[in-house]
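**Student:** what would the 3D arrangement of this be:
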Amino acid sequence: MFLQEIPESGVADIDTVDKEKLSKRAKYLQKIREQLRARFRIEYLGQLRQQSIKNYENKPIKVGEIVLLEDSNKKRSHWNLARVLKLMPGRDGNIRLVLVKTQNSEFLRPVQRLYRLEIENPVVKGKDNVIPPATSSGRVVKPPERFGNVIIQN
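**Tutor:** Sure, this is the predicted structure:
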């Protein structure tokens, strides 16, 4: 009748661990977390800021470039994309104001409120820059010719 073993609900390892070991481990993990956070702020965020300043100084904004429009009421992931239409220099000759076009309208924005994208993406105009379709191995796909007529497949 009582041939089956009664299952236990406790865990043997946790039951034997004392309070001091757990508190030491928690303090150690907290210390490591704080060191990692401090290092992240100093190294990574500092590098991003330095890189942003370097990009701004070395490469002035150009007409046709895609930028993010800063909006203090939205999260950065929800900022609008815009294309630079016109550059307006200040009295000193440096570009201070930019006319940008979003999906719906055009705005005048100071350069300080624009964030350039990290990638440079040339705008494809016309059929001169069209890349022919290729297979996964890189071979160019040729359209089939049947009975002397060229069949173009899209």
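**Student:** got the domain boundaries for this structure?
**Tutor:** Following the TED database, one gets these domains for the chain: 12-57, 61-116.
**Student:** would you mind finding the most buried of the ones you listed?
**Tutor:** domain 61-116 (a mean of 13; mean count of other Cβ atoms under 10 Å). C-beta here means a position set from N, CA and C on the backbone, and glycine is covered the same way.
**Student:** give me the mean pLDDT for that domain.
**Tutor:** On average, the pLDDT along domain 61-116 is 89.
**Student:** got phi/psi on Ser137?
**Tutor:** Note on Ser137: backbone dihedrals following degrees, to the nearest 10 are phi -90, psi -10.
**Student:** ditto for Lys101
**Tutor:** phi -120, psi 120.
**Student:** so who does it touch?
**Tutor:** Ala82, Arg83, Leu85, Phe107 (Cβ atoms under 8 Å, 6 or more residues apart in numbering).
**Student:** of the domains of the chain, which is nearest Lys142?
**Tutor:** Nearest to Lys142, of all the domains of the chain, is domain 61-116, at 33.7 Å by Cβ to Cβ.
**Student:** span of that closest one from start to end?
**Tutor:** 8 Å (Cα to Cα, to the nearest Å).
**Student:** 56 is where my numbering starts, stick with that
**Tutor:** Renumbered: residue one is now 56, and that last one reads domain 116-171.
**Student:** from the contact counts, what lies against the longest helix that the chain contains?
**Tutor:** As assigned by DSSP state H, the longest helix anywhere in the chain is helix 74-94. Taking 3 or more Cβ pairs under 8 Å, 6 or more residues apart in numbering; DSSP states H and E as contact, there are no helices or strands that helix 74-94 lies on.
**Student:** alpha carbons of that helix, as PDB, please.
**Tutor:** C-alpha atoms of helix 74-94 as PDB (Å, rounded to 0.1, in the frame of the first residue of the first chain):
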ATOM      1  CA  LYS A  74      22.400  33.900   5.500                       C
ATOM      2  CA  GLU A  75      26.000  35.200   5.500                       C
ATOM      3  CA  LYS A  76      26.900  33.500   2.200                       C
ATOM      4  CA  LEU A  77      23.800  34.800   0.500                       C
ATOM      5  CA  SER A  78      24.400  38.400   1.700                       C
ATOM      6  CA  LYS A  79      28.100  38.300   0.700                       C
ATOM      7  CA  ARG A  80      27.100  37.000  -2.800                       C
ATOM      8  CA  ALA A  81      24.500  39.700  -3.200                       C
ATOM      9  CA  LYS A  82      26.900  42.500  -2.200                       C
ATOM     10  CA  TYR A  83      29.500  41.100  -4.600                       C
ATOM     11  CA  LEU A  84      27.000  41.000  -7.500                       C
ATOM     12  CA  GLN A  85      25.900  44.600  -6.700                       C
ATOM     13  CA  LYS A  86      29.600  45.800  -6.600                       C
ATOM     14  CA  ILE A  87      30.200  44.100 -10.000                       C
ATOM     15  CA  ARG A  88      27.100  45.700 -11.400                       C
ATOM     16  CA  GLU A  89      28.100  49.200 -10.300                       C
ATOM     17  CA  GLN A  90      31.600  48.700 -11.700                       C
ATOM     18  CA  LEU A  91      30.200  47.600 -15.100                       C
ATOM     19  CA  ARG A  92      27.800  50.500 -15.200                       C
ATOM     20  CA  ALA A  93      30.500  53.000 -14.300                       C
ATOM     21  CA  ARG A  94      32.900  51.600 -17.000                       C
END
